[in-house]
Structures are given as structure tokens and as C-alpha cells.
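> The sequence and its predicted three-dimensional model are supplied below.
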Amino acid sequence: MRRNNASVAANPVLIGAATLLVVVVAVFLAYNANSGLPFVPTYAVNLDVPDAAQLVKGNEVRLGGTRVGVVRDITPIARRNGAFGARLSLQLDTTVKPLPTDSTAIVRPRSALGLKYVELTKGTASTGFEEGATIPLSQARPEPVEIDEVFNMFDDRTRAASQKNLTEFGNALTGRGRELNDAIGELEPLFLKLRPVARNLSDRRTGLGKLFRSLGRSAAQVAPVAEQQAELFVNLDRTFGALADVSGPIQDTITSGPPTLDAGSRSFPRQRPFLANSEAFFRELRPGTRALAVAAPDLADAFVVGTPTLRRSIALNKRLTATFGTLERFAQDPLVALGLDDLTSTARIANPTVAYLKPVQTVCNYVSLWFRNVASVISEGDANGTAQRFIQVVAPSGPNNEGSPSSAPASGGGKGDANFLHTNPYPNTASPGQPKECEAANEPYLRGKVLTDGVPGNQGTLHDVTTRGSGG
């Protein structure tokens, strides 16, 4: 009997087994590639972030655009203020060990399709995080605004609808001022009923914020399901197959995406004060909106009257062209500037005098009273003319009395106690530096005293009335 000396390579069973082993090892390595290759040393650190931001296990960790690790695990954590965040377990390459303690991290989109990754920014500190250490929440930057969230607001249908709305709103408001007024008046009950509903939703006891955080945690737990991931890759294959014809514009969009995101990260926080001020501005407009319901009929009449007037103003503007040209030449004349300077100087010089004279009429009515009394003096007359009316006032007797020349002010003597000089050449009229009083004709007679100045005390602003609506 002859012994079989055939080669092992000729055995199909052994070749098939070896091939199957290689395929199994390749599939195992490919499946675990996102979690790191076996027998390769790694550097494990934790990262606290305010929100997992749709991260899933196996997402990349990048440093300077280069892949340096993966997200090994995502765990929700509770903060001291009662809110919830996430702790990311990062499995990094040993090339970045140790990571400086002042390094920062941010969750960023990898593409417009929703993929995310963790971007590390290496610090300059001389000390680094130990194996298993946790990067604190203070070094995790806030989540940037997603570019797809901005772009999705202005798709083709939205732009077309906005154009149509502008046209329709313009047509709807033309000549419908009264109906618009009625509509604004009917909005008041709606806002009155909406206010308690909004107050309940914003109340902390409602727990509306916890609802959205719970929905976020639920979505994070459902994301890593293997079957759904497989469906995701199938759908991505279909998507990229459909996008193959427009790969150039997509590449340009992806290339310009990071600068756009950086610009959004810088500009959107600056817009927050403007939005807050706008919210306060519209809140303060509420009383005016309520008053608009009452004033709306008058405004509608004003629009009806003003529309033809505005049309006629075009012809008026054309006729005023020559007038404005003359005014322009007048304004450019150097002598006009000199005249204005002189007028300004005159006004500045006259300002103190006007300040003293203004209360003479506005507070005490003295100018009107003077003209009225002058008119009354000569109001009587006959066919030959008017006659002056007067009454004789006899000065009290005594030395230096006011009825004859004197060498000194009258200060008593004679019969009675009336021979005393009473005069006030500058009575108070509420002028600057003076008390608010109309002293002339209101001061009392102080018997037995010489008075050459105002009477002590404030005599008030009482004066005679000369025109309707004036008084003191």
C-alpha cells in the first residue's frame, strides 16, 4: 500500500478553514476599529460636557484636525444646580499623553448630515491630566449653533412663501384700515387669555425644562442600537449615491462649513443682547398696542387723507426745487454765517434779560395788566376825543413827606403813623434767583416802618386776570 504524501495546500478543507479564520479576524478588527485595535496601548481620560449633543459611542476625537481617539462611553451625570450633563469616556492615543490641564474641548459637527466629533484644543500648561482623570465642565465650551439649523429655515418653499406673504399682506392691508382696526381691537382678549398660559409654561414648577432634558437622554440611549446603525449606513449609501452628481458643490459646502460655524459661534452670542433688548422693547410696546385700538380710526382717516396728499406732494417738491436751490446758495453765502454768528451772540447776550423778563408776564401777567390799565386811563371820551382819568392821592403830612421835596426818606412825624416811605423799585417776579411770587401790588402796607425793599415773606402769585384762561 502506497502512503499519501499530498501537500496541505492541496487540501480544500484546510484552505477553506484558514480563509474563514482570516475573514472572521478581519470582520472582528473592522467592527472594533472605532473602539480601538486590540493590543494597542491607549490613554483614557474623562470629559464633562453640558450636553452630549447627539454623540454616540465610537465618534472620533480630534486634535488639530487629526484623529487621536474615540468616544468609548457616554454617561449622564447630575450637576449641583439640579441640571444634567454628560460625561464622555475618551480613549486617546498615547501620542497626546499627558494632555495639558488647561486644554479645552468642544462637540462639533463632522458634516451637515448630523455626524459629530469631539475636538480637543491643546493647552500650554506644564502639568497634564493623569490616566483616568476628568476634564472639568468649565473647560467644555458651549455647543455651537448647527449650520443646518440656520439653513433649514430658508429653503426654497420658505423663500417663495415669504415673497408671497409680502405681496399678499400688502394687498390685504390696502384700503382696509377700518377692518385692521377692528382686528387689533379683537386681539386684546386673546393676549389677556394667553398671558396666564405663558405664565404657567414658564413656571419652574411646570418642569418643562426637565421634559426636554429627559427627551435628550432618551435619544442618547436609543442612538447606539446596532440594527438602527446598520439601517443608517444603508440609507447613507443611498444618499451618497444620489449626491454623486453634485459632489463638487457638496465638497465646497463642507470646505466652507467650518469658517461659517466659527463665524456663527462668534456672532450669535453678540446677538443675544440685541434679542434681549428687542424682547424688552416689545414688552414695553404693549400699552401702546392697547392704545392703538382706540387711535386706529383716527389713523385710518389720516392714511385716507394722507394718500392723495402724498401724491400731490410730488408736484410740490418739483416746484420747490428752485426754492431749495436758493436756500442752498443762501446757506453757502459767507455773509450768512457771519449774520448767524451775530444773531447767536445777540441771543446769548439777551438770554439773561429774557430770563428775567419772561416771568413778568408768564407768572405775574404784568405786561397784560399794564396795557389794560393804560387803555383804561384813556377809555372815557366824547366827540372831541378821549380824556384821562385819574384820582388825587394826598400824601400824609409831616417832615420829608412824599408830597413835597425832602432831604431824607419820610420816617414819621406829623399826625398819625402814615408818614413813612414805602417803595419797592425792583419787586420779585419769579425771575432767576428770586422766590416765586408776584410782589408788586400784592405787598401789604407796614405801618410805622420805612420800607425801601420787598416786604418780608412770600406774597404768592395772585394777580388780576386780563384774558380768558389766565389766572394766578
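Arrived safely, thanks for sending.
> could you give me the average pLDDT of the longest strand seen in the chain?
In the chain, with assignment by DSSP state E, the single longest strand is strand 66-78. For strand 66-78, mean pLDDT rounds to 86.
> Now tell me what touches it from outside.
With CB atoms under 8 Å, 6 or more residues apart in numbering as the test, strand 66-78 has contacts from 34-36, 42-44, 48, 52, 55-62, 84-93, 95-96, 118, 120, 217, 220. C-beta: built from backbone N, CA, C; applies to glycine.
> got the CA positions of that strand in CSV?
Taking C-alpha atoms only, strand 66-78 is exported to CSV below (Å, rounded to 0.1, in the frame of the first residue of the first chain):
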residue,chain,number,x,y,z
THR,A,66,-6.1,64.7,13.3
ARG,A,67,-7.9,61.7,14.8
VAL,A,68,-6.3,60.9,18.2
GLY,A,69,-9.0,58.7,19.7
VAL,A,70,-12.7,57.7,20.1
VAL,A,71,-15.6,58.2,22.5
ARG,A,72,-15.6,54.9,24.4
ASP,A,73,-18.7,55.6,26.6
ILE,A,74,-21.3,58.3,27.4
THR,A,75,-22.8,58.6,30.9
PRO,A,76,-25.4,61.1,32.1
ILE,A,77,-24.4,63.0,35.3
ALA,A,78,-26.3,65.3,37.6
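> Tell me which strands that strand pairs with, and in which orientation.
Here strand 66-78 has these sheet partners by DSSP bridges: strand 60-63 (antiparallel), strand 84-93 (antiparallel).
> Would you reformat these as CSV and include distance to Phe191 and mean pLDDT?
Converted to CSV, the strands paired with strand 66-78 look like this (distance: least, CB to CB, whole Å; pLDDT from 0 to 100):
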stretch, distance to Phe191, mean pLDDT
strand 60-63, 50, 87
strand 84-93, 35, 86
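> Mean neighbour count and distance to Gln392 for the ones you listed - can I get that in a markdown table?
Below are the strands paired with strand 66-78 laid out as a markdown table (neighbours: other CB atoms under 10 Å; distance: least, CB to CB, whole Å):
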| stretch | mean neighbour count | distance to Gln392 |
| --- | --- | --- |
| strand 60-63 | 19 | 112 |
| strand 84-93 | 20 | 102 |
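> Same list (these) but as CSV, adding distance to Arg319.
Formatted as CSV, these follow (distance: least, CB to CB, whole Å):
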stretch, distance to Arg319
strand 60-63, 71
strand 84-93, 71
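> Ser103: which of these is closest?
Distance to Ser103, taken as CB to CB, is lowest for strand 60-63 among the strands paired with strand 66-78, at 9.0 Å.
> what sits up against that closest one?
Outside strand 60-63, the residues that touch it by CB under 8 Å, 6+ apart are 67-71, 90, 92, 96, 110, 117-122.
> all strands of the stretch 1-150 of the chain, in order?
Remark: strands assigned in the stretch 1-150 of the chain by DSSP state E, counting those that start in this stretch are 42-49, 60-63, 66-78, 84-93, 104-109, 116-121, 134-135.
> Please save the CA atoms from the second one in PDB.
Coordinates of the C-alpha atoms in strand 60-63 are reproduced here as PDB (Å, rounded to 0.1, in the frame of the first residue of the first chain):
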ATOM      1  CA  GLU A  60     -13.900  60.400  16.800                       C
ATOM      2  CA  VAL A  61     -11.800  62.600  19.000                       C
ATOM      3  CA  ARG A  62      -9.600  65.000  17.000                       C
ATOM      4  CA  LEU A  63      -6.700  67.300  17.900                       C
END
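> returning to that earlier point: now the angle between strand 116-121 and the longest strand of the chain, please.
110 degrees (axes from the mean of the first three to the mean of the last three CA atoms, to 10 degrees).
> so strand 66-78 versus strand 42-49, what angle?
Going by the same axes, to 10 degrees, strand 66-78 makes 50 degrees with strand 42-49.
> Please, which helix or strand holds Ser218?
Under the criterion of DSSP states H and E, Ser218 resides in helix 208-222.
> same thing with Leu194?
Using DSSP H and E, Leu194 sits in helix 177-202.
> Next, the buried residues of that helix.
With burial defined by 16 or more other CB atoms under 10 Å, the residues of helix 177-202 counted as buried are 177, 181.
> what do you get for stretch 400-414?
Residues of stretch 400-414 classed as buried by neighbour count (16+ other CB under 10 Å): 400-402, 410.
> Keeping just the C-alphas, turn it into PDB.
This file holds the C-alpha atoms of stretch 400-414, laid out as PDB (Å, rounded to 0.1, in the frame of the first residue of the first chain):
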ATOM      1  CA  ASN A 400     -40.000 164.800  54.400                       C
ATOM      2  CA  ASN A 401     -43.400 163.600  53.300                       C
ATOM      3  CA  GLU A 402     -43.800 162.400  49.800                       C
ATOM      4  CA  GLY A 403     -45.900 165.300  48.700                       C
ATOM      5  CA  SER A 404     -43.100 167.800  48.700                       C
ATOM      6  CA  PRO A 405     -39.300 168.000  48.300                       C
ATOM      7  CA  SER A 406     -37.500 166.200  51.100                       C
ATOM      8  CA  SER A 407     -33.900 165.800  52.400                       C
ATOM      9  CA  ALA A 408     -34.400 162.200  53.600                       C
ATOM     10  CA  PRO A 409     -36.900 159.400  53.400                       C
ATOM     11  CA  ALA A 410     -40.100 160.100  55.300                       C
ATOM     12  CA  SER A 411     -39.700 158.300  58.700                       C
ATOM     13  CA  GLY A 412     -42.600 159.500  60.800                       C
ATOM     14  CA  GLY A 413     -43.700 162.800  62.400                       C
ATOM     15  CA  GLY A 414     -46.900 164.700  61.800                       C
END
